[in-house]
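Q: next come a sequence and a model predicted from it.
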Amino acid sequence: MGTWLTERRLAQLSVRIRVTREKLRVADEQFEALSDEASDHEMRALVSETADASFEFRQAKAHSEAMRRHRDQLSNAIREFELRQDELLDKMSAGPDEGKKK
């Protein structure tokens, strides 16, 4: 693989990592808010012992869990991008002849 192509891929990965980290930051904030809301609804459901309060708690908990899964997906994507970035950096540091032997 040519050095210019490797550099281009590294630049693209850098952008993707930066964008995904920003998405993760936003998702973290949303998850925290949704978790707090779910905790509030849980407390109301325990105190009031009504079907409506229990339903609202289950809904809030479901939203919180969905956001947690989304955060996990973003974290996994960042790890994958970083691994690919490391592989490309290894190829660049190995030089043009070393990269062709693999």
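A: Structure's in. What do you need? This structure is a prediction, so every number in the text was calculated from the model and none was measured. Numbering: from 1, shown residues only.
Q: what about the most centrally placed residue in the chain, distance to residue 68?
A: The structure's the chain has its C-alpha centroid closest to residue 74; by Cα atoms, centre = their mean the separation is 1.5 Å. Note on residue 74: its distance to residue 68, by Cβ to Cβ, to the nearest Å, is 11 Å. Where you see a C-beta, it was placed from the backbone N, CA and C, and this is true even at glycine.
Q: just to revisit the earlier point, what sits against the spatially closest residue to the residue nearest to the centre of the chain that is not a sequence neighbour?
A: Distances taken as Cβ to Cβ, 6 or more residues apart in numbering place residue 24 nearest to residue 74, at 4.4 Å, with adjacent residues excluded. Shown in contact with residue 24 (Cβ atoms under 8 Å, 6 or more residues apart in numbering): 71, 74-75, 78.
Q: and residue 64, how many neighbours?
A: Using other Cβ atoms under 10 Å, residue 64 has 21 neighbouring residues.
Q: among the contacts of residue 24, name the buried ones.
A: 71, 74, 78 (16 or more other Cβ atoms under 10 Å).
Q: show only the entries of these found in strands.
A: Among the buried ones among the contacts of residue 24, DSSP state E puts none in strands.
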